[in-house]
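J.: here is the input, now give the coordinates:
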Amino acid sequence: AIVHFPAFNHPAVSLERSDFLSSVSCNAAGNTMIINFRDAKSWNIAYHDWKQHPKFIIISYLHGCGQGMGKGARDFHLVSAIRSVPSQNQIICTISTVKLEQAAHPDHNITFHVSKY
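T.: Residues are numbered from 1 along each chain as shown. The predicted structure is shown next:
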């Protein structure tokens with residue numbers, strides 16, 4: 001299935017298949033995401049962009065971050081705070097996993113396209 005989101009409630013970033021990341025993990029409680037960047041340039045771009053937004057959404061399909069991989073779906077994490085560790089090219093995000101309905105803007109329709117394979 002293909003799902004089209006015309007707008008989110010907050011700016012959104014997908015962490016899938018990024019050549020700029022070396023690893024992403026979440027703590028056991030699921031309220032902290034640790035994002036490690038491959039180099040200082042990648043970290044710098046992300047940090048200076050993300051810190052401009054008091055809240056934003058991270059879209060992920062990762063083991064240990066939400067239930068996405070276990071359910072075969074992506075997770076939406078609302079970021080409420082970030083902390084930077086420049087010496088490690090790392091950004092630590094305070095997150096809460098939200099449902100699709102909470103991530104998508106209510107004034108826009110979400111469309112689903114299902115095909116037979």
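J.: buried residues in the helix ranked longest in the chain?
T.: Counting residues, the longest helix found in the chain (DSSP state H) is helix 40-50. Across helix 40-50, burial judged by 16 or more other Cβ atoms under 10 Å covers 42, 43, 46, 47, 50. (Glycine included, C-beta is placed from N, CA and C.)
J.: in the protein, which spans are strands?
T.: Taking DSSP state E, the strands of the chain run over residues 2-4, 12-14, 21-26, 32-37, 56-60, 75-85, 90-98, 111-113.
J.: looking at those strands, which is nearest to residue 66?
T.: Among the strands of the chain, the nearest to residue 66 by Cβ to Cβ is strand 75-85 (3.1 Å).
J.: for the closest one, name the packing helices and strands.
T.: If you count contacts as 3 or more Cβ pairs under 8 Å, 6 or more residues apart in numbering; DSSP states H and E, strand 75-85 packs onto helix 40-50, strand 56-60, strand 90-98, helix 100-103.
J.: now the longest one: mean pLDDT?
T.: So that's helix 40-50. For helix 40-50, mean pLDDT is 97.
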